[in-house]
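Peer 1: Provided below are the primary sequence and the corresponding predicted coordinates.
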Amino acid sequence: MNKDYWEERYLNHKTGWNIGYISPPLKVYFDQLENKTLKILIPGAGNSYEAEYLWNHGFKNVYVLDFAKQPLDNFKKRVPEFPQHQLLNTDFFELDDSFDLIIEQTFFCALNPSLRLNYVEQMRQLLNPEGKLVGLLFNLEFTKTGPPFGGNILEYQLLFNQAFKIKVLETSINSIKERQGNELFFIFGVDNTK
């Protein structure tokens, strides 16, 4: 699942995770945010309807990261005024920056499970001391070889407890119909004692 793999998926429209609009649980969360100066990262953003929504609602310090170039090009066509330097065509694990908020939306489930500890460590490194990791995780195991790769609430508690304070980790009440009952909404804060 290297860069070529993801480019091919986008070029051939094999993007079953792409719902074509902002995920409702994230929209509800964004609508509660008051500080529009937050520095926000959306890694593995794909076509990034979440970034488009944030941008259109006055959040101008949003960074969109994807390994593949095609979804970033798709995003730029939809949001031409979005600053080019805030579109990051790079490997998430090589990013060296800091953010107030990182949004998880189908990125975690696209990574091979062998990278999950690295994911947690990198998220912790990228977040400011008062930063938050917020988003959605699948609460089911997939029967086929991924991606997507699934998981469950106990697994996530054990994994993320190593670097974060779990503030919220519960079944999402407003997921899209196809994911109802199978998504967990979460808010993790940086644990500065670990």
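Peer 2: Done, it's in. Residues are numbered from 1 along each chain as shown.
Peer 1: Please report the distance of Glu104 from Tyr119.
Peer 2: 9 Å (Cβ to Cβ, to the nearest Å). Backbone N, C-alpha and C define where each C-beta goes, glycine included.
Peer 1: swap in Pro129?
Peer 2: As judged by Cβ to Cβ, Pro129 and Tyr119 stand 20 Å apart.
Peer 1: Between these two, point out the one with more neighbours.
Peer 2: More crowded of Pro129 and Tyr119, by other Cβ atoms under 10 Å: Tyr119, with 20 against 8.
Peer 1: can you tell me the helix or strand for the more buried one?
Peer 2: For Tyr119, the host element (DSSP states H and E) is helix 116-126.
Peer 1: Check which helices and strands that helix is in contact with.
Peer 2: Using 3 or more Cβ pairs under 8 Å, 6 or more residues apart in numbering; DSSP states H and E, the elements in contact with helix 116-126 are strand 99-105, helix 153-160, strand 164-171.
Peer 1: Tabulate those in JSON lines, adding columns for mean neighbour count.
Peer 2: Listed next are the helices and strands packed on helix 116-126 as JSON lines, based on neighbours: other Cβ atoms under 10 Å:
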{"stretch": "strand 99-105", "mean neighbour count": "22"}
{"stretch": "helix 153-160", "mean neighbour count": "14"}
{"stretch": "strand 164-171", "mean neighbour count": "15"}
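Peer 1: Among the ones you listed, single out whichever gets nearest to Val64.
Peer 2: strand 99-105 (10.0 Å; Cβ to Cβ).
Peer 1: so the closest one versus helix 116-126, what angle?
Peer 2: Per axes from the mean of the first three to the mean of the last three Cα atoms, to 10 degrees, the angle that strand 99-105 makes with helix 116-126 is 150 degrees.
Peer 1: Strand 99-105: partners in the sheet, and parallel or antiparallel?
Peer 2: Here strand 99-105 has these sheet partners by DSSP bridges: strand 40-42 (parallel), strand 127-138 (parallel).
Peer 1: Output those strands in JSON lines, with mean pLDDT and distance to Tyr53 appended to each entry.
Peer 2: As requested, the strands paired with strand 99-105 are exported to JSON lines (pLDDT from 0 to 100; distance: least, Cβ to Cβ, whole Å):
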{"stretch": "strand 40-42", "mean pLDDT": "98", "distance to Tyr53": "11"}
{"stretch": "strand 127-138", "mean pLDDT": "96", "distance to Tyr53": "14"}
